[in-house]
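Asker: model this:
(one chain, ligands or ions: 2)
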Amino acid sequence: MIKISHINKIYGAPQVYTRGSSSALRRSEFQPKPSTGRYLAKQNSSPSSPRLGSEFSAKADKNDSVETKAVDDVSFEIKDGEFVAIIGPSGSGKSTLMHILGALDTPTSGKYSLDGEAVEKMGEDELADIRNRKIGFVFQAYNLLPRTTALKNVALPMAYAGWQKEKREAKAKKLLEAVGLGDRMYHTSGQLSGGQMQRVAIARALAMDPSLILADEPTGNLASVQAEEIMNILTKLNKQGHTIIIVTHEPTIAARAKRTIGLKDGKIVEDRLNGHHH
Ligand SMILES: Nc1ncnc2c1ncn2[C@@H]1O[C@H](COP(=O)(O)OP(=O)(O)OP(=O)(O)O)[C@@H](O)[C@H]1O
Ligand SMILES: [Mg+2]
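Answerer: Ligands and ions are numbered 1, 2, ... in the order given. Coordinates of the predicted model:
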């Protein structure tokens with residue numbers, strides 16, 4: 001159960017909660033290092049898909065005297081098992097809100113309770129802990145480690161959690177099979193298509209059995225057939241009980257969710273149930 005009440009995110013303003021830190025992302029679990037190979041080439045050729053690491057270190061280095069209210073007095077609740085699409089124009093605060101929901105960042109003010117835990121008061125270690133326990137992330141640019149097999153990418157969160165090699169590889173294999181990649185486990189990121197890379201990213205997001213799955217433009221780099229496939233997997237996960245929140249620009253993708261929350265200038269301008277679900 002997610003309860004957001006009156007949260008604001010003002011970039012360039014001092015944090016109200018001193019224990020919370022917006023630098024949590026700097027040690028975020030899945031920031032691939034700059035490297036050669038297909039991954040980087042793909043990023044460079046696609047300005048609409050900034051690499052997470054550089055995006056955030058660049059933002060963190062922006063002039064702190066410029067204040068931007070990216071999220072403006074936002075309140076909502078999301079119950080366990082919901083499937084929500086967050087939509088809105090570029091710059092409306094979608095990613096900022098997702099980072100707060102994902103405990104990658106803390107709000108400047110307001111409250112965020114996740115299953116009764118006060119996330120807004122958490123420091124970096126507690127944020128990392130709640131992410132590991134409850135949240136799986138899927139990013140537009142996949143954020144897989146380059147030159148690393150699908151199996152190792154999926155096993156990585158379990159390695160961080162201290163699991164034995166045999167146990168984590170067995171689970172990684174199961175997860176890859178569940179996303180239809182049983183025959184691609186030993187392919188490296190560079191040897192996979194975009195749709196396959198995103199399926200690896202979903203399998204990785206599931207590694208620690210998160211109840212909440214957050215996906216920021218998960219289909220943004222994919223052609224429509226591959227995008228459909230990703231949405232089918234997310235729909236299946238939702239039917240299995242996972243709470244799913246996605247950010248998307250595509251009305252057809254948003255329509256696959258059960259509820260739509262629209263943002264504009266950091267504010268909620270709509271919050272409705274999508275019609276076709278019963
Ligand atoms: N670290 C930062 N420092 C300063 N301003 C920021 C920072 N991150 C985001 N912003 C600003 O906050 C606003 C919301 O940004 P955000 O990335 O959340 O938008 P978005 O809805 O995800 O947009 P898009 O659809 O283009 O991804 C924008 O005006 C942006 O310029
Ligand atoms: Mg965004």
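Asker: CA only for contacts and neighbour counts going forward, please
Answerer: Will do.
Asker: hang on, isn't Asp209 packed against Asn132?
Answerer: No: if you go by C-alpha atoms under 8 Å, Asp209 and Asn132 don't touch, sitting 9.1 Å apart.
Asker: gap between Glu200 and ligand 1?
Answerer: No Glu there; residue 200 is Val. 22 Å (C-alpha to the nearest ligand atom, to the nearest Å).
Asker: do you know the pLDDT at whatever residue of the stretch 101-250 of the chain ends up closest to ligand 1?
Answerer: Closest residue of the stretch 101-250 of the chain to ligand 1, C-alpha to the nearest ligand atom: His249 (7.2 Å). With respect to pLDDT, His249 scores 90.
Asker: picking that back up, look at Asp209 and Asn132 and report which has more neighbours.
Answerer: Legend: neighbour count by other C-alpha atoms under 10 Å for Asp209 and Asn132, higher for Asn132 (20 against 15).
Asker: just for the protein, where's the confidence low?
Answerer: Low-confidence segments of the chain (pLDDT under 70): 13-65, 276-278.
Asker: and the lengthiest helix in it, what does it pack against?
Answerer: Scanning the chain for the longest helix, with DSSP state H as the assignment, gives helix 224-239. Contact here means 3 or more C-alpha pairs under 8 Å, 6 or more residues apart in numbering; DSSP states H and E; on that basis helix 224-239 packs against helix 194-205.
Asker: centre of the chain to the helix it packs on, how far?
Answerer: Between the centre of helix 194-205 and the centre of its chain there are 12 Å (C-alpha atoms, centre = their mean, to the nearest Å).
Asker: for stretch 104-120, same thing?
Answerer: Centre to centre, stretch against its chain (C-alpha atoms, centre = their mean), the figure for stretch 104-120 is 16 Å.
Asker: show me what the helix or strand just after the longest helix of the chain is packed up against.
Answerer: The helix or strand immediately downstream of helix 224-239 is strand 243-247, counting by DSSP states H and E. Under the contact criterion of 3+ C-alpha pairs under 8 Å, 6+ apart, strand 243-247 touches strand 83-87, helix 94-101, strand 212-216.
Asker: is ligand 1 contacted by the last one?
Answerer: No: using C-alpha under 6 Å from any ligand atom, we find that strand 212-216 stays clear of ligand 1, coming within 8.2 Å at best.
Asker: nothing else from me, thank you.
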